[in-house]
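A.B. asks: turn this into a model:
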Amino acid sequence: MFDAREKIALLIDGANLYAASRSLGFDIDYRKLLGYFQKKGYLLRAYYYTALVEDQEYSSIRPLIDWLDYNGYKVVTKPAKEFTDSTGRRKIKGNMDIELTVDALGLVEAVDHFVIFSGDGDFRPLVDALQRRGRKVSIVSTMASQPPMISDDLRRQADHFIDLANLRGDVGRDPAERPARRPDPQDADEDDD
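C.D. replies: Numbering: from 1, shown residues only. All right, here's what the predicted structure looks like:
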């Protein structure tokens with residue numbers, strides 16, 4: 001599937017990878033993820049795409065974004081859009097498909113093998129376009145969740161499908177390594193008498 005002479009690019013749809021790993025019951029260790037693919041070939045680029053909610057004072061994803069940015073990943077963000085759905089519920093939308101697609105097509109002359117971390121069927125035309133340019137494309141998602149997180153059309157289009165469940169031992173974070181949660185000041189007991 002991989003050739004040590006290949007130049008590889010990782011394109012990670014952050015929200016999609018997070019949802020897939022959560023459905024499988026583990027967290028991604030992004031240091032291990034880089035190391036795993038560095039052993040597969042020449043890792044030219046690793047991109048991580050995510051939308052951020054701008055109006056929040058603290059975003060739980062901010063420490064991850066900062067770490068990735070300092071540790072070998074090119075982080076691509078944009079503000080998430082907030083809207084109210086037809087039932088009156090507040091929803092947040094932050095689709096990064098266009099950014100990922102533009103970057104992939106921009107790298108097509110420099111990369112031999114694209115590894116896309118997403119099960120979103122909207123990427124099927126991108127995979128087709130990369131293949132028509134003579135590039136290999138692997139998709140990382142999962143069939144092991146209920147329902148599966150991978151679009152059937154995308155899985156069929158890809159040169160290789162890598163089930164995230166099979167990578168757990170190579171890229172999963174050991175639960176013992178998870179940092180302790182900081183106490184929330186709002187949870188403090190106000191009765192100090």
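
A.B. asks: give the buried residues for the lengthiest strand in the chain.
C.D. replies: Longest strand in the chain, counting residues (DSSP state E): strand 42-52. Neighbour counts over strand 42-52 (16 or more other Cβ atoms under 10 Å) mark Leu43, Arg45, Ala46, Tyr47, Tyr48, Tyr49, Thr50, Ala51 as buried. Any C-beta I mention is one placed from the backbone N, CA and C, and that applies to glycine too.

A.B. asks: contacting residues around the fourth one?
C.D. replies: Tyr47 is in contact with Ala9, Leu10, Leu11, Ile12, Tyr73, Lys74, Val75, Val76, Leu100, Asp103, counting by Cβ atoms under 8 Å, 6 or more residues apart in numbering.

A.B. asks: hmm, which of those residues are the buried ones?
C.D. replies: Buried among these (16+ other Cβ under 10 Å): Ala9, Leu10, Leu11, Ile12, Tyr73, Val75, Val76, Leu100, Asp103.

A.B. asks: now, which of those residues lie within strands?
C.D. replies: Per DSSP E, those map to strands at Ala9, Leu10, Leu11, Ile12, Val75, Val76.

A.B. asks: make a markdown table out of those residues and add pLDDT and distance to Asp174.
C.D. replies: Compiled in a markdown table, those are given as follows (pLDDT from 0 to 100; distance: Cβ to Cβ, whole Å):
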| residue | pLDDT | distance to Asp174 |
| --- | --- | --- |
| Ala9 | 98 | 27 |
| Leu10 | 98 | 22 |
| Leu11 | 98 | 26 |
| Ile12 | 98 | 21 |
| Val75 | 96 | 24 |
| Val76 | 96 | 28 |
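
A.B. asks: farthest-apart pair in those, please.
C.D. replies: Greatest spatial distance in those: Ala9 and Val75, 14.6 Å, computed using Cβ to Cβ.

A.B. asks: now the strands for this structure?
C.D. replies: Counting by DSSP E, one finds strands in the chain at the ranges 7-13, 42-52, 74-79, 81-84, 90-93, 113-117, 136-141, 160-163.

A.B. asks: and those strands: which comes nearest Val127?
C.D. replies: strand 136-141 (4.7 Å).

A.B. asks: list the contacts of that closest one.
C.D. replies: 1, 6, 16-17, 20, 112-119, 123, 127, 130-131, 148-150, 154-155, 157-164, 167.

A.B. asks: can you rerun that using 7 Å?
C.D. replies: The contact list for strand 136-141 (Cβ atoms under 7 Å, 6 or more residues apart in numbering) reads 1, 20, 112-119, 127, 130-131, 149-150, 154-155, 158-162, 164.

A.B. asks: low-confidence regions, the protein specifically.
C.D. replies: Residues of the chain that meet the criterion pLDDT under 70 lie in 55-58, 175-193.
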